[in-house]
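Asks: This is the structure alone, sequence omitted:
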């Protein structure tokens, strides 16, 4: 099977954020693999171990994203496709999905896996939009994949502890739920082998997509809490009663 | 649990990708390149050099002020001025004397604190840049892998075993269990930094100790973004006096970086009588001096970190060569504690180890005898010249600052000899005086804007560890903590750990030690300063630890 | 501005977030002199459509089709595309549910449009609508605006609007218009199988609208039932700061903070929690924060909407009683 995993490089989770306009200052912060995508990668590697084939890491962004792609290669992905774009963070979800889809169309993969959403922008639309672009069936929030004779039985998570099984044909696009597997560590041999694995680079322009952006991030900011703490007074019984009243009628949360 | 380990073999294994380890790797790779180009035999390969780095990224665990003397970098990378991320050259070197409410700039800055010609740098950024060069040269750097155990061979070592990954907190293998590798090498260079865990074990086992046991200090650092105009890039100040008691050794620093960023911190020798002394709280107090308070007014804390540093100098230097290996950098005591400079000495030691390794690889002889050339090179280099002059510096302060300054004065005019040579030193943890029933003072809380409690600070160190793994801080006898130590010393670990790892909590039987290992910033202070020496820091699962990006 | 709200139901029950979206739509319509329509899809949806008609909407579109009996992304996309092409709304609003995540972006793409998902609010800036959504895991928010002509597609995060603020129809019922769509079985490529509930080994606090969290102030595991009683009386999930989970007094899945879960519930009640930054980063996005702590200087009060300085062991039982009284 040929499996493509969409992997995004995002600012490190603990990086101090310095906002600049509609993005953040990228100097002096570390980057890492988007954690939800690491579960998708792990799932892809397990499917390859079970059914044979190859796993291709797909990423878009500036040169630095190749570092994260190498991590994917070190864990067992066979090769990488890099879409070079220094202004990747400005793309709207549809533009990003169109570019990713265009880059892999000729590969004709059996499966495209994505993580649920990215830890930076968190649009959560990439997988679904790629399915639309490539006219493939899709499913999201997938917890388990079983493949028999060119068909898949999927376990999908719903809200409130409910799940659903779904039958889905191949080829397809799946968004993988986080935490469904224990992500493997890169091995020393894997790290060394990664140096020799191919990362094919294309520029986004060369993909020839002509689409207008559908939305624009005007600015990002830290929400200012105009919060003033209201301290309740009285005996414990009085305070408890007052609190319940406030929660019920003022804040209206219960 | 008996584990099957995969075996790998390298020509050279370097444990630690700090300035010493990377300088060693790069210099060796360059030597190999020239060697191969000349057609000489045997042909060697830089790809057979493996560097292990326990951090998630290169530079993640690098912490220093830092002021760098560029001389070693200039040898290693001749065009460093064009390509290295040197933040700013030093423009002004000041020595400040602090009292609680005042600060005085000394009219003449004492020579050790004059830093003209040096650079204010972020060691983390420098190491990252250096690492790129090392990888470009073909060397294999393995991030998120630490050296967990030594492989003993002959009368020295033959490699290391990396840590097991994917073990849960009860010691059982998880789904993604990956046993550590048995990494053998013809030459192993230990470049673990201050109080290296493998180095500590080796020095003890093979009795590589020198005249004096190693002495250490702790450095606690904060990186701040300040209001424009508060500080000039390249302004470098070292502070003496308040709040470090005169019976102790220590002082602060203020380094102006570009873009209104400032590095501040306090170093304190881990050699004091009061077991409840709190270095972190003292650093926070230091910030309330009007000079610092004014500097930080309207500013924002960016990052926090802490690390120990080896103060012992020349007479505490362990034997740095043995069958199959050498010790470089802070692990080998290559730090000038008077000038607070170790980066160039670390790099130079790495380069000399590289040259020694190169000769060993060519000849096929990696015995202690062959590798003793490393020691000879050190003695002939500026490492010895510099360290020899300050060989008794730190020891001169063992009876307080007043005596320390007198000793220093004598050492200055006698090329380091001073009044007694060698001045004996004792291990810092032996300096504690037993408590005589005094109650503990309330812990420092911080105001949340200028001063912070340890939990808030440690949050800004970016430290994280895989939660479900065994605790990497091995306490040999927890009963000692709960009983003897409570009475005798009041559990100093709660005070000297800058990351709030150790806590005494109420238990059915009284008190017990709680270890929040996930907060650990890998400073090694506990391993150094625990009065009974029952804390042993071992390397946790690779990738865990602080994130000193930009520090 | 003509707004179409896409509602959601499963196994005969509404996903209540649908009404939050109707409330949102009514607000936006009010601010832009617009109208609100609601669409419901499925099989045997008469009762649903009727209920929607009781709200203050211009019309209810009922898309009854055998092939829409169970949700499938293909089914909903093909059907809704036709509904939108004929109804021609300017703005299509959804509740941000797992189901909406599964099909709404594709629906928008099929019409060549984009979707701004998981919004926590919106602003009307002189006629221009700006949607607000979180980025960087709640550390920041972003103002996002649509470019180009509509229809625009947006979804609102659960709890961003209040379902109880939906205005009822002023004079009776809105018209319910049946819409027939062209849909063939061949167009539906995925086949939904069994729906089942699992005894979830992991608890997902991120989905809990109400959370009662305990910290060191609880002192001993024997005291936790008192906090659980408060949670039960409120219908809340129990959670904890790190030290509690470290001790094993509550499972790791209940931990809130930088090394646990990050939550943004409607209500977060912090009992005996000091408010160390490691904990606060995991919950400061909560809409209403109540803190009860005996230390008036505890940093938790800095982010609390309501604060009670007192002994949690006196307050917890009083609170449980007051909550039970309010329920009855």
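Replies: Okay, I see it. Here the structure is a predicted model, which is why all the values come from computation and not from measurement.

Asks: Pull out the buried residues from the longest helix belonging to chain A.
Replies: Assignment by DSSP state H gives helix A:35-51 as the longest helix of chain A. In terms of neighbour count (16 or more other CB atoms under 10 Å in any protein chain shown), helix A:35-51 has its buried residues at A:35-45, A:47-48. To be clear about C-beta, it is placed using only N, CA and C from the backbone, and glycine gets the same treatment.

Asks: Tell me the secondary structure of residue A:4, please.
Replies: In three-state terms, and counting by DSSP: H, G, I helix; E, B strand; the rest coil, residue A:4 is strand.

Asks: tell me the contacts of it?
Replies: Listed by CB atoms under 8 Å, 6 or more residues apart in numbering or on different chains, the contact partners of residue A:4 are A:55, A:56, A:58, A:81, A:104, A:107, A:109, A:111, A:112, A:113.

Asks: Equivalent analysis for residue B:348, please.
Replies: Counting by CB under 8 Å, 6+ apart, residue B:348 touches B:23, B:71, B:72, B:75, B:334, B:381, B:382, B:383.

Asks: so who does the residue nearest the centre of chain B touch?
Replies: The residue lying closest to the centre of chain B (CA atoms, centre = their mean) is residue B:194, at 3.5 Å. Residues counted as contacts of residue B:194 (CB under 8 Å, 6+ apart) are B:216, B:307, B:308, B:309, B:310, B:330, B:331, B:523, B:524.

Asks: What strands line up against the one helix or strand the fourth one maps to, and which way round?
Replies: Okay, so that is residue B:309. Using DSSP states H and E, residue B:309 maps to strand B:300-310. The pairing partners recorded for strand B:300-310 under DSSP bridges are strand B:216-225 (antiparallel).

Asks: max-length strand in the chain?
Replies: Because you didn't say which chain, this covers chain A. strand A:138-148 (DSSP state E).

Asks: wrong one, chain C
Replies: strand C:115-125.

Asks: got a list of contacts for that one?
Replies: A:93, A:122-125, A:214-215, C:24, C:28, C:31-32, C:96, C:100-101, C:104-105, C:108, C:129-134, C:141, C:143-144, C:146, C:152-157, C:160.

Asks: Kindly report the same for stretch C:234-250.
Replies: Contact with stretch C:234-250 is made by A:254, B:514, B:516, C:203, C:205, C:208, C:210-216, C:218, C:221, C:224, C:227-228, C:230-231, C:251-252, C:254-257, C:259-261, C:263, C:267, C:269, C:273, C:276, C:278-279, C:323, as judged by CB under 8 Å, 6+ apart.

Asks: which parts of that stretch are buried?
Replies: So for stretch C:234-250, counting by 16+ other CB under 10 Å, buried means C:234, C:236-246, C:249-250.

Asks: How are the helices of chain C distributed by residue range?
Replies: Ranges of helices in chain C, per DSSP H, are C:17-32, C:46-53, C:73-87, C:98-110, C:224-234, C:242-246, C:277-280, C:312-327.

Asks: quick revisit: can I have the buried ones of the contacts of stretch C:234-250 as a PyMOL selection?
Replies: The buried subset of these, as determined by 16+ other CB under 10 Å, is captured in PyMOL by this line:
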select buried, (chain A and resi 254) or (chain B and resi 514+516) or (chain C and resi 203+205+208+210+211+212+213+214+215+216+218+224+227+228+230+231+252+254+255+256+257+259+260+261+263+267+269+273+276+278+279+323)
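
Asks: So which of the contacts of stretch C:234-250 are in strands?
Replies: Filtering the contacts of stretch C:234-250 for strands - DSSP E - leaves B:514, C:210, C:211, C:212, C:213, C:214, C:267, C:269.

Asks: and the closest residue in space to the fifth one that isn't next to it in sequence, how far is that from chain A?
Replies: Excluding its sequence neighbours, the residue lying closest to residue C:213 (CB to CB, 6 or more residues apart in numbering or on different chains) is residue C:239, at 4.3 Å. Computed as CB to the nearest CB, to the nearest Å, the residue C:239 to chain A distance reads 16 Å.

Asks: Would you point out the most distant pair within the contacts of residue B:348?
Replies: In the contacts of residue B:348, two members sit farther apart than any others by CB to CB. They are B:75 and B:334, at 15.2 Å.

Asks: Among the two, which residue is more densely surrounded?
Replies: Neighbours were tallied for residue B:75 and for residue B:334 using other CB atoms under 10 Å in any protein chain shown; the higher tally belongs to residue B:334 (29 against 15).

Asks: pLDDT score for that one?
Replies: Note on residue B:334: pLDDT of 96.

Asks: contacting residues for the nearest residue to it once chain neighbours are set aside?
Replies: Spatial nearest neighbour of residue B:334, chain neighbours left out: residue B:345 (4.2 Å); criterion: CB to CB, 6+ apart. Contacts for residue B:345 (CB under 8 Å, 6+ apart) come out as B:72, B:334, B:335, B:336, B:383, B:386, B:387.

Asks: Nearest to chain A, out of those residues: which one, please.
Replies: Lowest distance from chain A to those (CB to the nearest CB) belongs to residue B:72, with 24.8 Å.

Asks: Was I right to think residue C:36 contacts residue C:21?
Replies: No - with contacts counted by CB atoms under 8 Å, residue C:36 stays clear of residue C:21, the gap being 9.8 Å.

Asks: So for the two, which residues contact both of them?
Replies: residue C:5.

Asks: on that earlier part again, and the residue nearest to residue B:334, which of the three is it?
Replies: Residue B:345 ends up helix, using three-state DSSP.

Asks: Then the one 5 residues further on?
Replies: Secondary structure for residue B:350, judged by three-state DSSP, is helix.
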